[in-house]
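# next comes the sequence, and after it the predicted model I'd like to discuss.
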Amino acid sequence: MTFTPGRPAPGRDGPPREGPFGGRREGDPPGGRRWVRLPAPLELESGRALPGARIAYQTWGRPNARRDNAVLVLHALTGDSHAAGPAGPGHPDPGWWDGLVGPGRPLDTDRFLVVAPNVLGGCQGSTGPSSPAPDRRPWGGRFPGLTLRDTVRAEAAVADALGVERWAAVVGGSMGGMRALEWALTLPDRVDRALVLACPAATTAWQIAWAAPQLHAVRSDPDWFGGDYHGTGRAPVDGLGVARRIAHVTYRGAAELDDRFGRRPQDGEEPGRGGRYAVESYLDHQAWKLARRFDPASYVVLTEAMNGHDVGRGRGGAARALKGMPARTLVAGVDTDHLYPLAQQEEIARHLPVPGRARVISSPYGHDGFLLAQEQVGDLLRELLDDAG
Ligand SMILES: CC(=O)SCCNC(=O)CCNC(=O)[C@H](O)C(C)(C)COP(=O)(O)OP(=O)(O)OC[C@H]1O[C@@H](n2cnc3c(N)ncnc32)[C@H](O)[C@@H]1OP(=O)(O)O
Ligand SMILES: N[C@@H](CCO)C(=O)O
């Protein structure tokens, strides 16, 4: 089944009418991924149940005899299980932490079994709104709202399938960092160490405010159809593109964009006379790139799950909850991140059971620094994994 957006996004860089996204529906495995089907309906925090869910994942390296060398790597909002490896069939881009995974690298595959799942609610192999519901029609707008705790409990099935009782470490940035916190606090007996990057203990009004126009953009696209567009040949790609433009500005450094683009017009175009500035063209490019590979309904489900993130919910508040983190936890943020500012990671570190666990990633790239400053992230991974406790 091919996903066919009904119309191109605005701007000159519209997505192709036939995007690759629909090729990733269940039953059509993308390159290199494996799945585990949950043995029973997943009981969600909302009280609803999600039947028949499955989680896609990729692995690198091998388990040791005691199966205590597994590291769980958790992706950000629009990432997926392809944490490492080249671009190829099923993977339009190289792995998002490709420099960190492999023999001799910080996530040393001669030493560790590295496991990267695609989040529940996503669109890269795990069950999400584009997957078939039990009646074989796409879940679409019927897909239940998720919390990040739901996504963690679904992933316990991956650990079980691999025979991993306890992760040597759970690591991730942004949504992956939120989920690393939740892994350690929801299933504390199953996590030995944690690396939490570029995220807050609880999503703030500032972050929910940035998400609001993004959600609105997707839902006000005439092709949203209440989330029930899957299989119609149309999709709210314009809305997703607007959401990505807004989000991408929050992901990057202000000085970085000024230095890179300045007031330069896009080649051959005249701003103010129907043409664009180079930075506008750049955002158009980011918009269509995402619209080609990501399901707008997954974007909505996962954005709402991030809005609901609060480690303190039902645990007596964040400060009390964070005392339950593993002693071997490191927290780091990016010094130019204006979406999840460094003060929020320092706040997390203040409440950890062991003091002195905050670190700083220095990068001009803003929030995306946790994806781009791989050498510094690698140092943090080595520090964490070499910590014998
Ligand atoms: C690497 C992956 O994307 S893996 C897939 C999973 N993705 C994720 O986990 C995260 C999603 N990805 C991202 O957030 C980002 O892509 C990042 C952070 C990984 C990459 O950031 P960077 O390497 O800094 O890329 P940058 O922001 O400079 O964008 C470069 C792109 O903009 C394009 N570009 C630059 N200037 C312009 C311009 N004036 N007009 C149009 N396009 C432009 C480049 O041609 C390049 O295009 P390409 O990506 O198609 O090759
Ligand atoms: N660029 C990242 C940032 C979100 O944390 C993504 O798209 O997933």
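On my side now, so go ahead. Ligands and ions are numbered 1, 2, ... in the order given.

# which parts of this structure are strands?
In the chain, the strands defined using DSSP state E lie at 34-37, 42-43, 49-50, 54-60, 70-74, 101-102, 107-108, 113-117, 169-173, 193-197, 328-334, 358-361.

# alongside ligand 2, which residues does the stretch 101-250 of the chain contribute?
Contacts of the stretch 101-250 of the chain with ligand 2, taken as C-beta under 6 Å from any ligand atom, map to S174. Placement of C-beta: from N, CA and C, glycine included.

# in the stretch 101-250 of the chain, what residue comes closest to ligand 1?
H248 (7.5 Å; C-beta to the nearest ligand atom).

# P144 and S46 touch, don't they?
Yes: under the criterion of C-beta atoms under 8 Å, P144 is in contact with S46, at a separation of 6.4 Å.

# out of the two, name the residue with the larger neighbour count.
Using other C-beta atoms under 10 Å, the more surrounded residue of P144 and S46 is P144, with 16 against 13.

# quick one: residues contacting the more buried one.
P144 makes contact with L44, S46, R48, L50, according to C-beta atoms under 8 Å, 6 or more residues apart in numbering.

# between those residues, identify the one with the most neighbours.
Going by other C-beta under 10 Å, L50 tops the contacts of P144 with 21 neighbours.

# picking that back up, farthest-separated two in the contacts of P144?
S46 and L50 (9.9 Å; C-beta to C-beta).

# what is the burial count for the residue of the stretch 101-250 of the chain closest to ligand 1?
20.

# and what of G317?
Counted with other C-beta under 10 Å, G317 comes out at 15.

# so how far is K323 from it?
10 Å (C-beta to C-beta, to the nearest Å).

# what about G145, how many neighbours?
Using other C-beta under 10 Å, the number of residues around G145 comes to 15.

# isn't it up against V301?
Yes: judged on C-beta under 8 Å, G145 makes contact with V301 at a distance of 7.0 Å.

# for ligand 1, give me its nearest residue in this structure.
Closest point on the chain to ligand 1, by C-beta to the nearest ligand atom, is G79, at 2.8 Å.

# tell me the contacts of that residue?
G79 touches W96, G176, counting by C-beta under 8 Å, 6+ apart.

# quick check: phi and psi at it.
phi -80, psi -170 (degrees, to the nearest 10).

# next: the one 4 residues further on.
When quoted as degrees, to the nearest 10, the phi and psi of A83 stand at phi -70, psi -30.

# give me the distance between it and ligand 2.
According to C-beta to the nearest ligand atom, to the nearest Å, A83 stands 12 Å off from ligand 2.

# which residues does that residue contact?
Q58, V73, H75, G95, W96, W97, D98, L100, V101, V114, A116 are the contacts of A83 under C-beta under 8 Å, 6+ apart.

# ok, now A198?
A198 touches 173-174, 177, 332-334, 337, 340, 345, 361, 367, 369-370, counting by C-beta under 8 Å, 6+ apart.

# of those, just say which sits nearest to ligand 2.
Using C-beta to the nearest ligand atom, these come closest to ligand 2 at S174, 3.1 Å.

# quick check, A154 in contact with G52.
No: at 11.7 Å, A154 does not count as touching G52 under the criterion of C-beta under 8 Å.

# now for those two: what residues contact both?
Counting by C-beta under 8 Å, 6+ apart, the residues touching both A154 and G52 are L38.

# who has more neighbours, these two?
Set side by side, A154 and G52 show more neighbours around A154, with 24 against 15, by other C-beta under 10 Å.

# contact residues of the chain facing ligand 1?
So far as C-beta under 6 Å from any ligand atom goes, the chain lies against ligand 1 at 75-76, 78-80, 93-94, 96, 266, 278, 281-282, 285, 289, 368, 371-372.

# in stretch 96-115, which residues are buried?
For stretch 96-115, burial by neighbour count (16 or more other C-beta atoms under 10 Å) applies to 96-102, 105-109, 111-115.

# contacts for it next, please.
57-64, 67, 69-73, 75-76, 79, 82-86, 95, 158, 162, 164, 168, 371, 374-375, 377-379, 381-382, 385.

# buried ones among these?
Buried, going by 16+ other C-beta under 10 Å: 57-61, 63, 69-73, 75-76, 79, 82-85, 95, 158, 162, 164, 168, 371, 374, 377-378, 381, 385, out of those.

# in the sheet, who's paired with the residue lying closest to G389 once chain neighbours are set aside?
Counting by C-beta to C-beta, 6 or more residues apart in numbering, G389 lies nearest to R328, which is 5.7 Å off, once chain neighbours are set aside. Counting by DSSP bridges, R328 forms beta bridges with R193.

# mind checking how far R328 is from P341?
Counting by C-beta to C-beta, the gap from R328 to P341 is 25 Å.

# repeat that for V334.
9 Å.

# who has more neighbours, those two?
V334 (30 against 19).

# my guess is that one contacts G366, does it?
Yes: counting by C-beta under 8 Å, V334 does reach G366; the two are 6.5 Å apart.

# picking that back up, K289 versus the residue of the stretch 101-250 of the chain closest to ligand 1, what's the distance?
10 Å.
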